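In: for reference, the sequence and a predicted model appear below.
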Amino acid sequence: MDNNAIIHTSGLTKYYGKQRGMVDISLDVRQGEVFGYLGPNGAGKTTTIRTLLNLIQPTRGIATIFGMDIQQKGLEVRRHTGYLPGELKLYDNLTGAEMLHYLGYLRGGVDWAHVEDLATRLDCDLLPPIRSLSHGNRQKIGLIQAFMNTPDLLILDEPTIGLDPLMQQEFYRLISETKAQGRTVFLSSHIMPEVERVCDRVAIIREGRLVTVEDIDNLKARSIRRLEIHFAGPVSQEQFTEISGVKDVSVHDSVLTCTVVGELDALVKAASQARVVNIISHEPSLEEIFLDYYSEEESIAE
């Protein structure tokens, strides 16, 4: 267990009868980091979150938050946690302001000036009844209630669903400010660019099981990159085809294109035997990495 872990799980498992929720989830989320929990719908992300918050009981395994056992100290854990559920339910007969006042009362009070500041930043009108709000505006109410008590831990399940691009950018700024204050964010998403933009580390979950937990930069460094090397004159394709980790080699009009797995050192040394005019690296997106991991798992299964 990481001594700086805000969230710690070991073998955390949940079955619904014979149906799999998640299986043997073991991970640590460190204080002050933005941790992405990435997977397609149905992979087990929401089940993990609901188990962490002690909203459902695990079949087996352990989980602690702030060093407290979630089953023994669930209420105390939730006092210090802001939570946005993936399927947000609000009281339709209340206004946004009334809903937030009520939730603030349940939490022992809230700084209303902070609530109004969040509403301004998210362009959220708190006066209309919730039943009249669009999905995006309901999501804004959900985000405000998660952030309004400046919790030590934010657990956000698909937080930007329904938000327009401008509000997504404001959400990213809120996440950045939260991290800068030393608070922790556990963010579940299936939106790759979102996770790539805001997260320090990411766990990939597939069919209820962890595929990997990695720093995003390390994940990218080990993945496939596409390169274009422009030479001043003709080069032989054969001198590059035997280099370890270099694949899909093609030379056309003094331009070498290839894919590289891992380090570039051997390829760069081979290229330096000729005059190099330009090198263009097409870095993989997190989505490409994610799909690579899934295809690898499927190949193993076959």
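Out: Nice, I can see it. Numbers count the residues shown, from 1 in each chain.

In: which strand or helix spans Gln168?
Out: Under the criterion of DSSP states H and E, Gln168 resides in helix 165-180.

In: I'd like the next helix or strand past that helix.
Out: The helix or strand immediately downstream of helix 165-180 is strand 184-189, counting by DSSP H and E.

In: and that next one, which strands flank it?
Out: When sheet partners are counted by DSSP bridges, strand 184-189 sits next to strand 34-38 (parallel), strand 153-157 (parallel).

In: right, and the helix or strand after that strand?
Out: helix 192-198.

In: can you show me the helices along the stretch 1-150 of the chain?
Out: Counting by DSSP state H, counting those that start in this stretch, the stretch 1-150 of the chain has helices at residues 45-52, 74-79, 96-106, 112-121, 135-147.

In: using PDB, write out every CA atom in the fourth one.
Out: What follows is helix 112-121 as a C-alpha-only set of coordinates in PDB (Å, rounded to 0.1, in the frame of the first residue of the first chain):
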ATOM      1  CA  TRP A 112     -23.200  30.300  -0.300                       C
ATOM      2  CA  ALA A 113     -20.800  32.900  -1.900                       C
ATOM      3  CA  HIS A 114     -18.800  29.900  -3.100                       C
ATOM      4  CA  VAL A 115     -21.900  28.300  -4.500                       C
ATOM      5  CA  GLU A 116     -22.800  31.400  -6.400                       C
ATOM      6  CA  ASP A 117     -19.200  31.700  -7.700                       C
ATOM      7  CA  LEU A 118     -19.400  28.100  -9.000                       C
ATOM      8  CA  ALA A 119     -22.800  28.900 -10.600                       C
ATOM      9  CA  THR A 120     -21.400  31.900 -12.300                       C
ATOM     10  CA  ARG A 121     -18.400  30.000 -13.600                       C
END
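
In: got the domain ranges for this protein?
Out: As given by automatic domain parsing, the domain ranges for the chain are 1-80+151-218, 87-149, 224-283.

In: re the thing from before, of the helices of the stretch 1-150 of the chain, which is nearest Asp215?
Out: helix 45-52 (19.8 Å; Cβ to Cβ). Just so you know, the C-beta spots here come from the backbone N, C-alpha and C atoms, and that holds for glycine as well.

In: averaged pLDDT, the closest one. What do you get?
Out: For helix 45-52, mean pLDDT rounds to 94.

In: what angle do that helix and strand 153-157 make?
Out: Interaxial angle of helix 45-52 relative to strand 153-157 (axes from the mean of the first three to the mean of the last three Cα atoms, to 10 degrees): 150 degrees.

In: and helix 45-52, what does it pack against?
Out: Counting contacts by 3 or more Cβ pairs under 8 Å, 6 or more residues apart in numbering; DSSP states H and E, helix 45-52 is packed against strand 5-16, strand 19-30, strand 34-38, strand 60-65, strand 153-157, strand 184-189.

In: returning to what we had before: dump the helices of the stretch 1-150 of the chain into CSV; add mean neighbour count and distance to Arg197 as well.
Out: Output for the helices of the stretch 1-150 of the chain, formatted as CSV (neighbours: other Cβ atoms under 10 Å; distance: least, Cβ to Cβ, whole Å):
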stretch, mean neighbour count, distance to Arg197
helix 45-52, 23, 18
helix 74-79, 16, 28
helix 96-106, 17, 27
helix 112-121, 16, 18
helix 135-147, 22, 17
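
In: mind putting the helices and strands packed on helix 45-52 in JSON lines, mean pLDDT, distance to Cys258 and mean neighbour count included?
Out: Shown next, in JSON lines, are those (pLDDT from 0 to 100; distance: least, Cβ to Cβ, whole Å; neighbours: other Cβ atoms under 10 Å):
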{"stretch": "strand 5-16", "mean pLDDT": "96", "distance to Cys258": "40", "mean neighbour count": "19"}
{"stretch": "strand 19-30", "mean pLDDT": "95", "distance to Cys258": "35", "mean neighbour count": "19"}
{"stretch": "strand 34-38", "mean pLDDT": "94", "distance to Cys258": "28", "mean neighbour count": "26"}
{"stretch": "strand 60-65", "mean pLDDT": "96", "distance to Cys258": "44", "mean neighbour count": "19"}
{"stretch": "strand 153-157", "mean pLDDT": "96", "distance to Cys258": "39", "mean neighbour count": "24"}
{"stretch": "strand 184-189", "mean pLDDT": "94", "distance to Cys258": "32", "mean neighbour count": "25"}
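
In: state the distance from the closest residue to Ala5 other than its chain neighbours to Ile161.
Out: Nearest in space to Ala5, with sequence neighbours left out and distances taken as Cβ to Cβ, 6 or more residues apart in numbering, is Asp28 at 4.0 Å. Per Cβ to Cβ, to the nearest Å, Asp28 is found 27 Å from Ile161.
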